[in-house]
Structure formats: structure tokens, C-alpha cells
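> Here is my input, please return the structure:
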Amino acid sequence: MALALLLEGWPAIDAAISDFSLRAVAAVAYLAWAATLLGYGLWTRLLGRYPVNQVAPFSLLVPLVGLTTGWLAFGEALQPLHFAGAALLMLGLAINLFGGRLLPWRRARR
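Okay, the predicted model is just below:
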């Protein structure tokens with residue numbers, strides 16, 4: 001708050017506080033509880049149960065979840081480039097997860 005006071009000044013802080021609505025409270029609650037506690041809680045649990053090299057590739061899904069949430073919650077229009085990026089992301093994740101199992105199968109076919 002001190003940094004906001006220094007950089008923005010009291011009028012900006014006063015305007016932000018006076019415009020604080022129920023929707024803003026809900027957004028803060030979502031970010032504090034759902035996104036942070038649930039998200040990091042699940043992530044920590046996964047890291048406790050599985051090796052890091054199996055869990056870490058799922059962090060690649062963050063942009064895809066963001067795109068999907070923006071589309072569902074806010075009606076954002078997705079461009080063909082978004083779908084191409086999502087497909088490449090999912091292909092990379094599939095190769096990372098299943099590539100080790102498919103490589104011996106492919107070598108055996110040769």
C-alpha cells in the first residue's frame with residue numbers, strides 16, 4: 001500500500017477503494033482461495049506423489065486453461081492461431097508423457 005501511495009498517489013487509492021464492489025470481492029476471493037489454495041494445493045500433492053519429471057510438463061497447460069477460461073467466462077474470440085498453438089502444446093505434452101513408451105515400440109517395428 002505504501003508503494004501504491006508513493007507511485008499512484010492518494011486520489012488513485014481513494015478511487016480504487018470507493019469503487020470496490022461485490023464483484024471485486026468475489027474476484028479477490030477466487031484468486032486467494034480457488035486459484036491459489038486449490039491450485040497450489042493440488043500441485044503440491046501431485047509433486048509429493050509423483051516424480052517431478054512426470055508432473056512438471058502439466059505446467060504447460062496453464063496458457064491453454066487461460067485461453068479456455070477467457071473463452072467460456074468472457075466470450076473471447078479464439079483465432080485459428082490459438083487453436084494451432086493449443087494443438088502444438090498438447091502434442092508436445094503427449095510426446096513428453098508417452099514418448100518413452102512409444103520409442104521402444106517404434107524401434108521394435110523396424
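> From now on I want contacts and neighbour counts done on CA atoms only, so please keep to that.
Will do.
> And residue 9, how far from residue 15?
10 Å (CA to CA, to the nearest Å).
> actually residue 60, not the one I typed
37 Å.
> Those two: which has the busier surroundings?
Each of residue 60 and residue 15 has its neighbours counted (other CA atoms under 10 Å); residue 60 has more, 13 against 10.
> pLDDT score for residue 85?
pLDDT, residue 85: 93.
> what's around residue 56, how many residues?
For residue 56, the neighbour count with other CA under 10 Å is 12.
> what ranges do the helices span in the chain?
2-8, 10-18, 22-29, 39-49, 52-55, 61-74, 80-109 (DSSP state H).
> got the buried residues for the last one?
Right, the one you point to is helix 80-109. If you call a residue buried by 16 or more other CA atoms under 10 Å, then helix 80-109 has these buried ones: 86, 89, 90, 93, 97.
> Same question for the shortest one.
In terms of neighbour count (16+ other CA under 10 Å), helix 52-55 has its buried residues at residue 55.
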